[in-house]
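[1] this is a predicted model, with the sequence first.
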Amino acid sequence: MSRREAAVLALLLSASAALYFYRLESAPPHTQIDEAMIAVNAHAIATTGRDLRGEFLPLYAQTAETSWYQPLVIYATATALAVLPFNEWTVRLPTVLFALANVALMFLFIRRLFGSVVLAALAGAMLALTPGHFIHARYGLDYLFPVTYILGWLLCLAVYRERPRPWLLALSSLILGIGFYCYISSIVMMPLYLVLTLLMLYDDRAPQRSFALTSGVFIALQIPFLLWLSIHPEAYMATVDKYGLYDTRQLNAAQGLRSTLSFLSVSQRLDQFWNYFDPSFLFFRERHQGAVFDQPGGSVPAADGVLHRCRPVRGRQAPRRAGSSHCALGVRECTPGRGHSYRAERDL
């Protein structure tokens, strides 16, 4: 990387950091249920080495009968809490760092793909200013984590196409293998990205050792998951019930998989996925009907919403502060089993 490219990347990251860190501790003004549960489990691990259920350095931290949190967000937060105070800013710090890594990786990937610093800077800036990316970066959650690993994987493959080196294939598989533990959908998606990598190698007529290296690194990183699942077999059925994939009371795992992959099931899921890109849903419906942007015009309300979220909150909308750090993180209001309903604010 030339000095000019490094200067452009540094400027892009500095501007993004200034935006993403601004009022991080108070915008959003309150802590979500998942954010709080991740925080208290991470704090317990950082201080005692055990989660709230007393399990020593668990791979997946169980927080409810049907809920296991992915390890990456737990241990990233625990690492931050091991050296910084237990507060909202520290809990949200890892997600911001992942978001900034996304901006940097986008810059590097586009620079490698098109050879243009201008396009790379534009792509990085567009990602940094994407409302969904900005909003989710300000929660201590793992929604953005897969993006980091996907961009890292793509960057490795882009470099490999120019300079075929075995270590680049190993690194791409290592990234996918670690990314397997970053978000629940990654359990499905990261193996699919591995298949795409193998298809690329097949198209390049790569030697057999390249296939073995790529697959071997990824499979080796799944051994902890397989061992954990053998110890906690109830986690599979509980997760299926939680997300409503199929009726576990009437179907076994094989029947459930066949039902999930049936034509009717796939068509229903594709229809639901496509509806999220309906301009009517995104821009024109009333807020109570679920519109993402509750005014027509697209980017203008989005930019205004980003700025609005960072303004100080006063009066009746000011967040309630409690004496202890646990209360400040919303633990008293997010204890599982109270029968309350919780809804994450996803509007701007």
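    Now that the structure is in, tell me what you want to look at.

[2] okay, CA-based contacts and neighbour counts for the rest of this
    Will do.

[3] name the element W68 belongs to?
    Element membership for W68 (DSSP states H and E) is strand 67-69.

[4] could you do T63 as well?
    Using DSSP H and E, T63 falls in strand 61-64.

[5] quick one: low-confidence ranges for this protein?
    Scanning the chain with the threshold set as pLDDT under 70 gives 285-348.

[6] rerun that using 80 as the cut-off
    Applying pLDDT under 80 to the chain picks out residues 1, 64-66, 241-249, 253, 281-348.

[7] just checking, what's the longest helix in it?
    Across the chain, the longest stretch assigned as helix under DSSP state H is helix 88-114.

[8] could you list the buried residues of that helix?
    Using 16 or more other Cα atoms under 10 Å as the burial criterion, the residues of helix 88-114 that qualify are 88-112.

[9] counting by contacts, list what it packs against.
    helix 3-21, helix 71-83, helix 117-128, helix 131-137, helix 145-162 (3 or more Cα pairs under 8 Å, 6 or more residues apart in numbering; DSSP states H and E).

[10] any chance of JSON lines for those helices, columns mean neighbour count?
    Below are those laid out as JSON lines (neighbours: other Cα atoms under 10 Å):
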{"stretch": "helix 3-21", "mean neighbour count": "15"}
{"stretch": "helix 71-83", "mean neighbour count": "20"}
{"stretch": "helix 117-128", "mean neighbour count": "20"}
{"stretch": "helix 131-137", "mean neighbour count": "20"}
{"stretch": "helix 145-162", "mean neighbour count": "20"}
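
[11] quick one: R249 is in a strand?
    No - judged by DSSP: H, G, I helix; E, B strand; the rest coil, R249 forms no part of a strand; its state is coil.

[12] what about it, how many neighbours?
    8 (other Cα atoms under 10 Å).

[13] how near is it to S210?
    As judged by Cα to Cα, to the nearest Å, R249 and S210 stand 43 Å apart.

[14] identify the residues contacting stretch 87-103?
    Residues outside stretch 87-103 that contact it (Cα atoms under 8 Å, 6 or more residues apart in numbering): 13, 16-17, 20-21, 24-26, 31, 39, 73, 76-77, 80-81, 84, 124-125, 127-128, 133-134, 137-142, 144-145, 147-148, 151, 325, 328-329.

[15] one step back: which strands or helices does the strand holding W68 pack on?
    strand 61-64, helix 234-243.

[16] what are the pairing partners of that strand, and which direction each?
    Strand 67-69 pairs in its sheet with strand 61-64 (antiparallel), by DSSP bridges.

[17] picking up where we left off before, so the longest helix of the chain versus helix 117-128, what angle?
    Angle of helix 88-114 versus helix 117-128, following axes from the mean of the first three to the mean of the last three Cα atoms, to 10 degrees, is 150 degrees.

[18] between helix 88-114 and helix 145-162, how many degrees?
    Interaxial angle, helix 88-114 versus helix 145-162 (the same axes, to 10 degrees): 20 degrees.

[19] how many degrees apart are helix 88-114 and helix 71-83 in direction?
    130 degrees.
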